[in-house]
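A.B. asks: just a sequence and a predicted model for now, questions to come.
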Amino acid sequence: MDQTLKGQIALITGASSGIGAGVAKSLAKAGATVVINYPVASSQVAAEAVLQEITDAGGQGMTAQCDVSQEAQVEAMFSDVVSRYGTVDILVNNAGIERNAPFHEQTLDQWNAVINVNLTGQFLCARAAIREFLRRGPRPEVSAATGKIICMSSVHELIPWAGHVNYAASKGGVKLMMQSLAQEYGDRRIRVNSICPGAIQTPINRPAWETPQAMSSLLGLIPYNRIGQPEDIGNLAVFLASDLSDYITGASIFIDGGMTVFESFATGG
């Protein structure tokens, strides 16, 4: 087992499935003790299964139920983790949802649901993490940085997305929140970056890849001609959480097989 992150505590929100589960497994493989957050009781079995896979492979961790859009629940989760492990070193702000509709039909509830989880949830968790980093100060024995925050953004912080205005707006907000935090806390050696996935094969976007026709259409947007996997994101998260990336902060790193070079223009548009 790689020990790049040995001795560090990593909290991953929305980690019971999809990208979050992939990131949790990758961080655990790199030696971190992982906290697998899940939102509601119905997700507990899936979260425990992720933890079981990690512990079976020799890793360590715990599960933690918390709706990241709820301030009291976020504060309680961080308090529980610090009580158990002493601190948090790495936050992966991954939890996110979609509630898609044509804009003229989109309800306020659909707008609020996405903004509350995807943006406000990242604010609440980042604030709790930064407060913990500042409370305990540097831990040079485990990391050159005082703390690391990885925000899960999307190619849609750059690419507009008709029919998904609430989602795209939330990711645009994540971009400037991330950059502002990197600016504000860089002198305290707190690093904040974003991972911006393109098409990743997870349950949230199943209609985009579950049939041969859908997959073919999707690959028409990806120059590298394959769909991404959760472990692709996990590998990048390990790098951003490690000292190998110690001079990287305030960056949006796109991991999309080239989607943001706009494959549709390859033949002149």
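C.D. replies: It's in. Residues are numbered from 1 along each chain as shown.

A.B. asks: who touches the strand ranked longest in the chain?
C.D. replies: Across the chain, the strand with the greatest residue count (assigned by DSSP state E) is strand 190-197. With CB atoms under 8 Å, 6 or more residues apart in numbering as the test, strand 190-197 has contacts from 19, 126, 130, 133, 145-155, 157-158, 174-175, 178-179, 181-182, 185, 228, 233, 236-237, 240, 245-246, 248-256. The C-beta positions use only the backbone N, C-alpha and C, and glycine is treated the same way.

A.B. asks: what pairs with it, parallel or antiparallel?
C.D. replies: strand 147-152 (parallel), strand 252-255 (parallel) (DSSP bridges).

A.B. asks: roughly how far out does the first one sit from the chain middle?
C.D. replies: Taking the mean C-alpha point of strand 147-152 and that of its whole chain, the gap between them comes to 8 Å (CA atoms, centre = their mean, to the nearest Å).

A.B. asks: which SSE is immediately downstream of it?
C.D. replies: Using DSSP states H and E, the next helix or strand after strand 147-152 towards the C-terminus is helix 165-185.

A.B. asks: dump the C-alpha coordinates for that next one into CSV.
C.D. replies: Presented in CSV, the C-alpha positions along helix 165-185 are these (Å, rounded to 0.1, in the frame of the first residue of the first chain):
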residue,chain,number,x,y,z
VAL,A,165,-28.8,25.9,-15.3
ASN,A,166,-28.9,25.3,-11.5
TYR,A,167,-26.1,22.8,-11.7
ALA,A,168,-23.9,24.9,-14.0
ALA,A,169,-24.5,28.0,-11.7
SER,A,170,-23.5,26.0,-8.6
LYS,A,171,-20.2,24.9,-10.2
GLY,A,172,-19.5,28.4,-11.4
GLY,A,173,-19.9,29.5,-7.8
VAL,A,174,-17.6,26.7,-6.6
LYS,A,175,-14.9,28.0,-8.9
LEU,A,176,-14.8,31.5,-7.4
MET,A,177,-15.3,30.3,-3.9
MET,A,178,-12.3,28.0,-4.3
GLN,A,179,-10.1,30.7,-5.8
SER,A,180,-11.2,33.2,-3.1
LEU,A,181,-10.3,30.8,-0.3
ALA,A,182,-7.0,30.0,-1.9
GLN,A,183,-6.3,33.7,-2.0
GLU,A,184,-7.5,34.4,1.6
TYR,A,185,-5.7,31.5,3.3
